[in-house]
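Chemist: here is my input; please provide its structure:
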Amino acid sequence: MPFAPVETTAASVTHRLAEPLELPDLPAAPARRPFPLVASIVPVIGAVVMWQVTGSVFMLWFAALGPFMAVASLVDGARGARRERRIAERELADACERVRQAVETRHAEERELRRATTPDAARAAAHDGWLWRRQGPLVIGVGRAESLVRVTGGEGEAAEQLRRDAAGLPEAPVTVEWENGVCVRGDDVAARAVVRALVVQLILRHPPSAVRLLDEPLGESWAEAAPHRAADVAPDAAKVAVILAGDPVPAGADAVIALARPGEPIPHECAALVEMASGLNGALVADGGDIPLALEAVSQEQAQRLAGGMASRERQSATTLPQGPIPLAHVLSRGADEHDADRAPAGLRAVVGLAAHLPDETPDLVALDLVADGPHAVVVGTTGAGKSEFLTTWIASIAAHHAPEQVVFLLGDFKGGTAFDHLQSLPHVTGVLTDLDGGGARRAVEGLRAEIRRRERAIAGAGARDIGDPRVRLARLVIVIDEFAALLQENPDLHQVFTDVAARGRALGMHLVLGTQRASGILRDALLANSPLRVALRVAEDRESSQLVGTDLAARIPGDAAHRGIGYVRRAGDVAASAARFALTRPDDLVRIEKMRPGAAPAAGPLLAPLPREWRPADPVTDGASIVLGLADDPAEQRQIEATLRPGTDRGVFVIGGAGSGKSSLARWVAGVAGEHGRRVISVPRDNEGAWDALVAAEQDPPELFVVDDADALLARFPAEYAQVAGERLETIVRDAGATGTTIVLTAARLSGAVSKIAEVMPRRAVLSLATVHDHLAAGADRALFDAARPPGRAVLDGYDTQLALPPDEPAPRPEDDPVDRWHPSAAVTGLVLRAAARRMPALRAAWEPEASLVLVDELAPGVDLEALAAEKKLVICGDGDAWQRQYALLQRVRSSGDMVVGSDCASELRTIVGERELPPYARPRAARAWLIAAGEAPERIVLP
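Modeler: Purely as a prediction, here's the structure:
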């Protein structure tokens, strides 16, 4: 397999090593304390004062305390300074020691880094994964090299010595650029061994495509076995000549490695000279001074063995895998007989590709068995490595060899939602989760938990311990997830569910196949420990490949199209990972697999079918009384049930949702079904007058079902004083619903004002689509159930996703025409309070005469005989508020003996003239509306001509 090397960068480690270590500065000398003059004088002054006050000469002895205290203070200061100096020196020494230890630690880390990035021949040969992957400068020996470690700060000789120690890295690989030429000068036998080691190192670290050896090195035949001597290596490979000093350099040589005897001049093509001393000691001759070295030597036998191993590796890597994509049909046809003969009855063996092979042999089939090799598998591969194609092939191969009664699949594609689309036609596939399905992952969590419980019950009911017992009639469930990391990023709680499945899956017959670009940092240890079947396609890092399949070869797979679908497989019992080229599944392969199961019914699995986007029940009423509200999704019990509402028994439901969410459709549905089945229903209309009357009617004579659509918009359309009363009346109806036997259906677009208070006392709540997650949470729904793209009618009801019933198409709204029944005066005398009464008199006369005569208030004299004027026909006295105020006596006579009519635009006059304090029924302004106050009755809304 001609895998290209993958370079491992150490930039992050190098950057960390180069960060300077800082020494603390020398502690400053303690400042000299001044003589305590004041402290010396104060006792003297005090003694003199006490002597004069007391008259006792003994008081003067206190004056001697001054000098004593001064001396004691100086002594104490000196002791404190010495103590501080000792502490500072100790802290400085500790800090220097910490820096010294840090230098040693960094030196050790840097030394190992250099040995790994530029290994000598011994290390390159010891690490199989380093073969041809450590290109770069040539290690000519071990000595002191310039270090990346730097120490700053500090003063004095100790600090300077520490800086010098840090700047040099002892026992480090010392390198030179081999392209500029290298010459080793010394005794023939030892020098030849050193040159041989340099050549072996060169061809161990550089592939044949990068380096070609010209002729036999120093006339020795061991290199003939190395692939670097082949004449058909890459034409752009660097040509290296290994010669004796004084011999001519072969034509076309790009670099020279030479051997010179003591005192012999070196070739001018060699920029670096290694001067050998006794044994394997020597020095690199440099302008700034020679660098002592410990040199490496390789014998001819060792070189011969290493060259032969490289040749074997080259032959193997060039010919082990089949070329080009392999059709799935090819491996299925080859594996049919073998599968039928060898498969375990309860296994899930499936052929997925062809294994590495010798040039003259037929490649073996690669077969995977989730039961025998699993129970779970991890598949890693970077973008473009062929991970999705491999998963598709594995699924298709299992489906080709096992009936839906034996195995079913739940698939998850979280890198775009289309990788498994073509597999949905297989009868084994129960469902496909995608990153485009916002609620699908949550439903899958509940469904998997329910599936675990279902399988536990089934196995226990059969008296068995696991699914392998023949008494258990359960199909194995294979859960395949592509881009598992993306799934966890969106749904972190799923990791616990998958860990639970991984722990109990073997007994329950539930198998995980998790595809991801990288396993480290994504899959927890508990999940990996239960996933012994590993498949690694091309990965980005050596460590990722080694941790998963025990070799870093998966990191060496090239990223071109020719190497797509190549990977390494390792089972729990494998000594080492084996290379394979996986088969490619084409659409016609899936068609053939489908035809293998004619008439097979779609398999049932843990994933319920999604709720329909539109739904109407076959029977809108259940048990003769309950109205079907919608179809509720209950993945935890793997069922979908009808949500119902029983008018007259249930208190009701509050529905909140944005425009177009389906709340009005639900209100129409419930009202329509209840009305068709003989229930007494009051449905609040959209116009304010009808809404007011409906609220009054429901309060006075509670119905079985009371429906209010867009309650927040309804209250907002009322003037402030009417909105307050309407809200209070609606709240009263809702609070009394239990006592009155009324079922309330109330909808709103938002929770605000009176609607918020009313919603709190509603026993059930349906949350439809809302604009933001904040609105969704404020409505009382679970954050996990938020979906801005909910279809109309999709609600959260009683904690379940529910598709509400869709009513028949709504008829076109009718324009608000005025009622045909216009009011006519019936009392002998009627007082009419209107604005601009004189201007409206002609229209009123045309409507009411000759049954009634109309006069203006100002046309009547004080004390006029109203009975005489109303003797022949009804009398209607018209005027505005001011006119009636001027005829106050007349007003009192009309109020006491007749009817009063006040126009809706004269609401204030209803209080000041008629004396009505209660809020009258709502009346549309400027629409010929008025209030009739007849014989002390409450105001009644009427329509004037």
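
Chemist: show me the contacts for the spatially closest residue to Ala245 that is not a sequence neighbour.
Modeler: Of all residues not flanking Ala245 in the chain, Ala260 sits nearest, at 3.7 Å (CB to CB, 6 or more residues apart in numbering). Every residue, glycine included, has its C-beta placed from N, CA and C. Applying CB atoms under 8 Å, 6 or more residues apart in numbering to Ala260 gives the contacts Cys183, Val184, Arg185, Ala191, Leu244, Ala245, Ile266.

Chemist: burial of the last one, as a residue count?
Modeler: What that stands for is Ile266. 23 (other CB atoms under 10 Å).

Chemist: got it, and the second one?
Modeler: The tally of other residues near Val184 (other CB under 10 Å) stands at 28.

Chemist: which residues touch whichever strand or helix holds it?
Modeler: Using DSSP states H and E, Val184 falls within strand 182-185. With CB under 8 Å, 6+ apart as the test, strand 182-185 has contacts from 138, 140, 176, 191, 194-195, 198, 245, 256-262, 264, 266-267, 270-276, 282.

Chemist: how far away is the residue nearest to Ala245 from Cys270?
Modeler: Relative to Cys270, Ala260 is positioned 9 Å away (CB to CB, to the nearest Å).

Chemist: of the contacts of strand 182-185, buried ones?
Modeler: 138, 140, 176, 191, 194-195, 198, 245, 256-260, 266-267, 270, 272-276, 282 (16 or more other CB atoms under 10 Å).

Chemist: any weak-confidence spans in the stretch 301-450 of the chain?
Modeler: 312-320, 335-346, 357-361, 416-417, 435-441 (pLDDT under 70).

Chemist: now the helix or strand harbouring His495: buried residues?
Modeler: In this assignment (DSSP H and E), His495 forms part of helix 494-508. In terms of neighbour count (16+ other CB under 10 Å), helix 494-508 has its buried residues at Leu494, His495, Val497, Phe498, Thr499, Val501, Ala502, Arg504, Gly505, Arg506, Ala507, Leu508.

Chemist: need the residues you listed in CSV (columns: pLDDT and distance to Leu21).
Modeler: Listed next are these as CSV, based on pLDDT from 0 to 100; distance: CB to CB, whole Å:
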residue, pLDDT, distance to Leu21
Leu494, 78, 45
His495, 80, 41
Val497, 85, 48
Phe498, 87, 45
Thr499, 88, 43
Val501, 89, 50
Ala502, 90, 46
Arg504, 89, 52
Gly505, 89, 52
Arg506, 90, 53
Ala507, 92, 56
Leu508, 92, 57
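
Chemist: tell me, how many residues neighbour Pro248?
Modeler: 8.

Chemist: show the model's pLDDT score for it.
Modeler: Listed pLDDT for Pro248 reads 92.

Chemist: now Leu17
Modeler: Looking at Leu17, the pLDDT reads 80.

Chemist: residues touching the nearest residue to it once chain neighbours are set aside, list them.
Modeler: With CB to CB, 6+ apart as the criterion, Leu17 has its nearest non-adjacent residue at 4.5 Å, and that residue is Leu148. Applying CB under 8 Å, 6+ apart, we find Leu148 in contact with Thr14, Leu17, Ala18, Arg106, Glu110.

Chemist: the helix or strand the fourth one falls within: what's the following helix or strand?
Modeler: Element membership for Arg106 (DSSP H and E) is helix 65-117. Tracing the chain C-terminally past helix 65-117 and defining elements by DSSP H and E, one meets helix 121-126 next.

Chemist: list the buried residues for the host helix or strand of Val591?
Modeler: Using DSSP H and E, Val591 sits in helix 587-595. Across helix 587-595, burial judged by 16+ other CB under 10 Å covers Asp589, Leu590, Ile593.

Chemist: before we move on, the earlier item: and the helix holding Arg106, how far from the chain's centre?
Modeler: 50 Å (CA atoms, centre = their mean, to the nearest Å).

Chemist: where exactly do the strands run in the stretch 651-800 of the chain?
Modeler: For the stretch 651-800 of the chain, the strands defined by DSSP state E, counting those that start in this stretch cover 652-656, 681-683, 705-708, 743-748, 765-767, 794-797, 800-804.

Chemist: what are the phi and psi values for Glu937?
Modeler: As for Glu937, its main-chain torsions (degrees, to the nearest 10) stand at phi -70, psi 170.

Chemist: need the strands of the stretch 651-800 of the chain in CSV with mean pLDDT, distance to Leu919 and mean neighbour count, can you?
Modeler: Converted to CSV, these look like this (pLDDT from 0 to 100; distance: least, CB to CB, whole Å; neighbours: other CB atoms under 10 Å):
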stretch, mean pLDDT, distance to Leu919, mean neighbour count
strand 652-656, 93, 26, 26
strand 681-683, 93, 21, 21
strand 705-708, 94, 20, 26
strand 743-748, 94, 23, 26
strand 765-767, 92, 31, 24
strand 794-797, 90, 36, 25
strand 800-804, 90, 36, 25
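
Chemist: nearest to Leu487, out of those strands?
Modeler: For Leu487, the closest of the strands of the stretch 651-800 of the chain is strand 800-804, at 19.8 Å, according to CB to CB.

Chemist: what helices or strands is that closest one leaning on?
Modeler: If contacts are counted by 3 or more CB pairs under 8 Å, 6 or more residues apart in numbering; DSSP states H and E, strand 800-804 sits against strand 626-634, helix 663-676, strand 794-797.
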